[in-house]
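Engineer: This is a predicted model, with the sequence first.
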Amino acid sequence: MALMKTWYEPEEVEAKFGVKKGLVLEWVKDGLVRCEREGKKVLRVNIDDVKLEMEGLVGKE
């Protein structure tokens, strides 16, 4: 059982971590970030996956 929240709405990721919603959805589209969907709409994304992608961005700079 996780001790912290691991699934966030894309808007929450933008507000809490400063990653633009569009970028998060691009990562989902590319298969880099797991998500929960309702139809075609992305409801929640896995924050561990988002953090890994953020680390990759920081490493490129």
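Structural biologist: Cool, got the structure.

Engineer: what's the longest helix in the chain?
Structural biologist: The longest helix of the chain (DSSP state H) is helix 47-60.

Engineer: Now do it: which elements does it pack against?
Structural biologist: Packing partners of helix 47-60 (3 or more CB pairs under 8 Å, 6 or more residues apart in numbering; DSSP states H and E): strand 7-8, helix 10-17, helix 21-29. The way it works is simple: take the backbone N, C-alpha and C, and place the C-beta from them, glycine included.

Engineer: What residues sit buried inside it?
Structural biologist: For helix 47-60, the neighbour count (16 or more other CB atoms under 10 Å) marks 47, 49-50, 53-54 as buried.

Engineer: Out of the residues you listed, the closest to Lys16 would be?
Structural biologist: Using CB to CB, Ile47 is the member of the buried residues of helix 47-60 that sits closest to Lys16, with 8.8 Å.

Engineer: tell me the angle of the longest helix of the chain relative to helix 21-29?
Structural biologist: 110 degrees (axes from the mean of the first three to the mean of the last three CA atoms, to 10 degrees).

Engineer: At the geometric centre of this protein, which residue sits there?
Structural biologist: Val50 (4.0 Å; CA atoms, centre = their mean).
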